Structure formats: structure tokens, C-alpha cells
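Chemist: Next comes the sequence, and after it the predicted model I'd like to discuss.
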Amino acid sequence: MQITTTWLQQKKEKRLQQPIQLSVWCQPLASQTAFVDNDRCMPSASLIKIPIMIQAFRQAEKGCISFEMVLPLQHPVDGGSFGEKPEGTPVTICELVQHMIVESDNTCTNMLIDLLGMDAINEEIARQGMTNTVLQRKMMDFAAAKAGRENKTTASDMGHVLWQLAQRNCLGNAVDEAMLQILSRQEDNCILPAQIPNPVRVDHKTGELDGIYHDCGIVWKDKAPYVCCLMADGIRDEAQTISDLSYLARDIYDIM
């Protein structure tokens with residue numbers, strides 16, 4: 001059995017106790033065809049950190065930066081442990097990349113945007129075929145967001161780049177494996193991994209803003225791994241919606 005629009009609608013009616021707008025993208029690693037439902041461009045929240053990571057690894061591969069390079073911590077902002085550290089604290093680029101993904105640290109992300117360059121990151125986004133994704137502001141810059149400079153993406157864009165990573169077709173086998181290992185250590189495990197059996201590995205990234213919650217990743221289901229992206233907005237009761245989406249993610253796991 002495969003996911004169909006009718007099947008998904010029935011599961012949403014069963015699982016979702018609060019009205020939300022939900023985009024869904026799923027694709028087995030063994031298939032060239034994805035299931036897509038309600039694919040809309042919306043604020044990316046921390047999902048934008050995946051292409052930032054890819055560009056960091058690309059620049060490291062080219063010798064433009066070294067992951068062992070030590071920088072002084074600059075302009076701490078809320079969101080993550082580095083926001084509580086004093087300015088000037090020594091930090092390696094490797095630590096910036098790791099903490100940007102694993103704990104979604106916003107200070108680390110902003111330092112990487114400055115280091116790599118916003119234009120270079122957007123070039124990476126285009127290079128990866130993410131046609132509806134754009135980086136336009138730093139993390140926690142709500143004035144820029146209010147002025148219309150919001151970071152945006154779609155479930156299909158995120159699904160595509162994760163599928164490429166899983167196939168080791170992003171930057172190459174060894175580098176892609178290193179990025180997957182970082183994604184596997186994601187600390188926010190409330191949706192995609194929450195209800196599926198242990199020890200199934202999930203390499204994923206979440207994103208959260210007011211009224212928005214996303215989780216996109218690779219589920220390494222035995223003999224049938226797949227990519228799954230759930231992106232929701234219009235959320236009123238976050239705790240309930242996260243719980244509902246975790247059970248919907250289990251429904252998808254079972255049918256995939």
C-alpha cells in the first residue's frame with residue numbers, strides 16, 4: 001500500500017485535533033517519485049540551517065575555511081546554549097556547525113551566515129535545486145521578517161535536498177555522511193522520531209516560530225528508508241499539534 005491523498009486526508013481527520021495548514025512530502029529512497037500534498041511556500045524557521053550547513057562543508061572542502069579555525073563568539077542571541085555565553089568566548093567553526101543543527105543554536109547560525117556570506121548560501125540553495133527557498137535574514141531578526149525579508153522554503157524543497165543527502169549526491173559520499181551524522185544527533189525529537197520503534201535512526205531538522213512547526217528528515221526504516229517532511233502553520237495549540245503530528249508520522253512510517 002502507498003500513501004494517497006485520500007489515505008492522508010483520512011489520517012489527518014483522525015489525528016489532528018486542532019485545525020492547521022499542513023504540507024506533506026514523502027519519498028522512499030528507492031523511488032524517483034514523491035508523494036506531495038498541499039506544498040506551499042512558508043517561513044522556513046530553522047530548516048534554513050540545512051543549506052547553511054551544506055555551504056559550510058562546501059567551503060571547507062574547497063579550503064576556504066577550516067573547521068578547526070577558532071573564532072570569538074559574537075552577538076549572542078536567544079535560542080541555544082551559545083546565547084548564554086559571553087561575547088568573545090572561543091568557538092571553532094566545527095562547533096558552530098554542530099550546534100546550529102543539533103540544538104538549533106541561533107548565535108552559531110548567525111556567525112556562520114556572516115562567515116560564509118548570505119549570497120554564497122543562497123547560491124548553494126539554488127545549486128541544490130531548492131527553487132522556492134531563500135535566506136533573507138539572520139535568526140531572531142524579527143524586524144527584517146516584519147519588513148518582508150523572511151526566510152522561506154517548501155516541503156518539496158526540503159525533501160529534495162534531504163533525498164540528495166541520503167543518496168550521497170549532495171557533496172559526495174564522505175562529506176554527505178558527515179552531515180547525516182550531525183542531523184542524526186538532533187535534540188528536538190518530538191515529531192518524526194517520537195512514535196516510531198527504537199532503534200530506527202532518524203536524521204532530521206526541526207523548525208519553530210509562533211504558529212509554525214516543521215520536522216523534515218530521513219527515516220532509516222529497515223529495508224525501506226524514506227524521506228518525510230511535515231510542515232505546519234496556523235497552529236494555535238502547539239503541544240497538542242506536536243503530539244498529533246507525531247502520531248501522523250507513525251501512520252506514515254507504518255504505510256511506508
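Modeler: Looks like it arrived, so ask away.

Chemist: wait, what's in contact with the closest residue to Met256 other than its chain neighbours?
Modeler: By the measure of CB to CB, 6 or more residues apart in numbering, the closest residue to Met256 outside its immediate chain neighbours is Tyr226, 4.9 Å from it. Where you see a C-beta, it was placed from the backbone N, CA and C, and this is true even at glycine. By CB atoms under 8 Å, 6 or more residues apart in numbering, Tyr226 lies in contact with Cys26, Gln27, Pro28, Leu29, Ile218, Val219, Met256.

Chemist: May I have the phi/psi pair for Tyr226?
Modeler: Main-chain torsions, Tyr226, degrees, to the nearest 10: phi -150, psi 160.

Chemist: Run through the neighbouring helices and strands of the host helix or strand of Thr107.
Modeler: Element membership of Thr107 [criterion: DSSP states H and E] is helix 106-116. Contacts defined by 3 or more CB pairs under 8 Å, 6 or more residues apart in numbering; DSSP states H and E place helix 106-116 against helix 49-62, helix 93-102.

Chemist: Go through the first one and flag the buried ones.
Modeler: Neighbour-count burial for helix 49-62, counted by 16 or more other CB atoms under 10 Å, picks out Lys49, Ile50, Pro51, Ile52, Met53, Ile54, Gln55, Ala56, Phe57, Arg58, Gln59, Ala60.

Chemist: Let's see the helix or strand of the chain with the lowest mean pLDDT as PDB, backbone CA atoms only.
Modeler: Here the helix or strand of the chain ranked lowest by mean pLDDT, DSSP states H and E is helix 142-146, holding a mean of 90. Only the C-alpha atoms of helix 142-146 are listed here, as PDB (Å, rounded to 0.1, in the frame of the first residue of the first chain):
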ATOM      1  CA  PHE A 142      12.100  39.900  13.600                       C
ATOM      2  CA  ALA A 143      12.300  43.500  12.300                       C
ATOM      3  CA  ALA A 144      13.600  42.100   9.000                       C
ATOM      4  CA  ALA A 145      10.800  39.500   9.000                       C
ATOM      5  CA  LYS A 146       8.200  42.200   9.700                       C
END
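
Chemist: Good, we can wrap up now.
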